[in-house]
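Undergrad: coords please:
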Amino acid sequence: MMTLTRPRMLSSIDARDAHRIVAVVSGLTLSVVGIGLYAGASWATTLWPWPDVRMTYVFLASVLAAAIAPSLWIGINGELAVLAPGALNTLLLNLMFAAYLGARGLRSDEPKLLVAAAINLAVVPLFVSLLRRSRAIPVKDTRPMPRVVTVALWTACAMLIVVGVPLLMQVENVFPWTLTPQTSTIFGCIFLGAAGYFAYAARQPYWVFGKVPILGFLAYDLVLFSPYIDLLRRPSAGISSSYGSYGGRRQRRQRAEPCGVPCRDRCQRPLRDLLPLRQSEDPSAASRPLRIPPLHPLPEPSVVARGCNSRVGVGEGLHRTGP
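TA: Have a look, this model is predicted:
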């Protein structure tokens, strides 16, 4: 009997240690990706399926931080039973991502989205297995869940649903910066997946299931705090990206220059090229070479500068002589 039970005990211990190692390695790997997204590194932003603005990458970094903190804590403390809500969250995310990216890839003929959808589907069995295994693991810390924590978890779940559904439906002005429709849908999936995470934790009787979501929530807020304050002070700070601006700045700059010529180019071009020419009313003038009448008087430089900056035409105040 001794020879039969000892290998089982060793295999069980090895499996638990393997789960802990995977949790720590996963947390460290996600940390590298999160730092890259927060810093706007090109190798990290290219993981996102389409160009986006800086605050989108910062938000994604905060979402990764919310997963990194619980993963590292579970790996270090060995509370493998708490992997269950995270496995459920990731399972829901992969299913929603696969459905949306697959449908969008087929509709717009984008192979890279189809590849991403296939990867999401491929990892679904892995997280189904992780959910089943972690639910069967006994909890080490059996302290009961405080009622106030249970209420807080259910409240967070409700708030995530209230925000996630409009994002999923691509309702505008949900976030403090402008989201593209496809980014809005992905963010909606993230919020709804997190709602499942908090709902699972709120239904558990042990305090350890409430501790881990709180750690993730604090990490999420810690990453977003400084960028949000900066966004409130300078609303334009969130629309720049490593790919340029997809909407705000460039469109506003073009509207400010209705003539289509940038202000810098207008000021550097010859003045005669910028002034409209009046055509003569004489029918015989069509056969004569075009003559540019002299300018009198020439404007002061301040007039030209004012014309560029205040939308006053460069030729205002100038007089022509001749026909």
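Undergrad: all contacts plus neighbour counts: C-alpha atoms, from now on.
TA: OK.
Undergrad: hang on, I137 packs against L80?
TA: Yes - using Cα atoms under 8 Å, I137 makes contact with L80 at a distance of 6.9 Å.
Undergrad: where does A195 fall, secondary structure wise?
TA: Assigned by DSSP states H and E, A195 falls within helix 181-202.
Undergrad: I137 and L80: which is more packed in?
TA: Legend: neighbour count by other Cα atoms under 10 Å for I137 and L80, higher for L80 (23 against 15).
Undergrad: please report how far that one lies from L93.
TA: Distance of L80 to L93, computed by Cα to Cα, to the nearest Å: 21 Å.
Undergrad: repeat for A15
TA: From A15 to L93 the distance is 26 Å (Cα to Cα).
Undergrad: neighbour count winner among these two?
TA: Per other Cα under 10 Å, whichever of A15 and L93 has more neighbours is L93, with 22 against 12.
Undergrad: output the helix or strand hosting A156 as CSV, nothing but the C-alphas.
TA: Using DSSP H and E, A156 sits in helix 147-168. Only the C-alpha atoms of helix 147-168 are listed here, as CSV (Å, rounded to 0.1, in the frame of the first residue of the first chain):
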residue,chain,number,x,y,z
ARG,A,147,-21.2,40.7,4.6
VAL,A,148,-20.0,44.1,3.6
VAL,A,149,-17.6,42.5,1.2
THR,A,150,-20.4,40.4,-0.3
VAL,A,151,-22.5,43.5,-0.8
ALA,A,152,-19.5,45.3,-2.4
LEU,A,153,-18.9,42.5,-4.8
TRP,A,154,-22.5,42.4,-5.9
THR,A,155,-22.5,46.2,-6.3
ALA,A,156,-19.4,46.0,-8.5
CYS,A,157,-21.0,43.3,-10.5
ALA,A,158,-24.1,45.4,-11.2
MET,A,159,-22.0,48.5,-12.1
LEU,A,160,-19.9,46.4,-14.5
ILE,A,161,-23.1,45.2,-16.3
VAL,A,162,-24.5,48.8,-16.4
VAL,A,163,-21.4,50.0,-18.1
GLY,A,164,-20.6,46.9,-20.1
VAL,A,165,-23.9,46.6,-22.0
PRO,A,166,-23.9,50.1,-23.5
LEU,A,167,-20.2,49.5,-24.5
LEU,A,168,-21.2,46.2,-26.1
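Undergrad: run through who's touching it.
TA: 174, 184-192, 194-196, 198-199, 201-203, 210 (Cα atoms under 8 Å, 6 or more residues apart in numbering).
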